[in-house]
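Trainee: Below: sequence and its predicted model.
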Amino acid sequence: MTTDQATPTIPADFDDYWSAVLSELEATPARPEVELIPMRCTDFADMYSVRLTSIGPYRLYAYLSIPKGDGPFPAIYWPPKYASVLETIPQGTANLVRSRYVTFSCAGRGQRNADQPFAAMFPGLLTTGIESPESYVFRGIVADAIRGLECVVSRPEVDASRVVAIGNDVAMIASALGSGATQLVVTPALFFDTLRLAGQTSGYPLEEINDHLRHNPFGRDDAERTLGYFNPRWFAPKFDGSTLVMAQSTGGLQDAAGLAPVIEGLNGPTTIHESDESSYLDGLVMERWITSEFGFDEAIVPEHWQ
């Protein structure tokens, strides 16, 4: 594998590219359809399915949970993640979070329940349409994530001063380009100096880039150009809320030192956690951070963590 150590530069038309996406999204009515899911309701929260439209137009799917009682409530937003299956809340999350927070989990185009007419492949999604910035699938997925954020903050049950977005690079991009996220928990995994890091690993999802270049050896320049519009380096300065960066463990390609260009670019209060290689320990850090940010005394965690 080869590595390119050159420092990336922001595309000259970066702002124009994303302004066009936002303009297209603004011109696309969301047309939400909300339906109660009785089997997923509890004594403390009601669950709904939500269908809404993003650019394309493309019809999306999401799960919305609203606590019972008097609001408004703080909100947790999970933008489209890099996996085929959409969960009501992430696996391992205590269901009782639904008693405190409005939760919204959104499937981007290609994910299950939003896989018509496009069904994403895993591995494979990371390079779909990568030949040009205009055809790249993540142009649409970022728009999907922004549309989901718009839906969250539009709900009357939501306390708009307390909305946290949790996810990978897409969560950061949506929080930076959209409006409404006051806090961000980000685990960079896809777009930070992608080609350079892909050349240093055989692990997925970055190995998808290596697979693509092996089959398209003359496509490197096109891929590099496309990915340049998604590098979190350029989005960090556009988000001024509080951020928790969930980095890889010390020595990883995306540990705190490796992510320094992103971390140093963030405008708001920033906390960095290098992974303890434990979903329990890392999860506690995240839950306690959100609890503190939102002014609660005690984190809600799964019983087996207590």
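Mentor: Arrived safely.

Trainee: From here on, just use CA atoms for contacts and neighbour counts.
Mentor: OK.

Trainee: Now stretch 125-136 - C-alpha only, CSV.
Mentor: C-alpha atoms of stretch 125-136 as CSV (Å, rounded to 0.1, in the frame of the first residue of the first chain):
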residue,chain,number,x,y,z
LEU,A,125,-21.3,2.0,0.2
LEU,A,126,-18.2,4.1,1.0
THR,A,127,-17.1,4.0,-2.7
THR,A,128,-20.6,4.2,-4.4
GLY,A,129,-20.5,7.0,-6.9
ILE,A,130,-17.0,8.1,-5.7
GLU,A,131,-16.0,8.9,-9.3
SER,A,132,-17.3,12.5,-8.9
PRO,A,133,-18.5,14.7,-6.0
GLU,A,134,-21.9,15.1,-7.7
SER,A,135,-22.6,11.4,-8.0
TYR,A,136,-21.1,10.3,-4.6
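
Trainee: Need the contact partners of that stretch.
Mentor: Outside stretch 125-136, the residues within contact range by Cα atoms under 8 Å, 6 or more residues apart in numbering are 137-139, 190, 205, 208-209, 212, 219, 222-223, 225-227, 229.

Trainee: now do 7 Å
Mentor: 137, 208, 209, 212, 222, 223, 226 (Cα atoms under 7 Å, 6 or more residues apart in numbering).

Trainee: Now list the buried members of those residues.
Mentor: 137, 208, 209, 212, 223, 226 (16 or more other Cα atoms under 10 Å).

Trainee: Residue 191 versus the fifth one, what's the distance?
Mentor: So that's residue 223. Separation of residue 223 from residue 191 (Cα to Cα, to the nearest Å): 12 Å.

Trainee: ok, the nearest residue to residue 291 once chain neighbours are set aside - contacts?
Mentor: Of all residues beyond its chain neighbours, the one nearest residue 291 is residue 299 (5.5 Å), with distances taken as Cα to Cα, 6 or more residues apart in numbering. With contact set as Cα under 7 Å, 6+ apart, residue 299 has these partners: 287, 288, 291.

Trainee: List the buried residues of the host helix or strand of residue 151.
Mentor: Assessed by DSSP states H and E, residue 151 sits inside helix 137-154. Within helix 137-154, the residues scored as buried using 16+ other Cα under 10 Å are 137-153.

Trainee: for it, packing partners?
Mentor: On a contact count with 3 or more Cα pairs under 7 Å, 6 or more residues apart in numbering; DSSP states H and E, helix 137-154 meets strand 45-54, helix 169-177.
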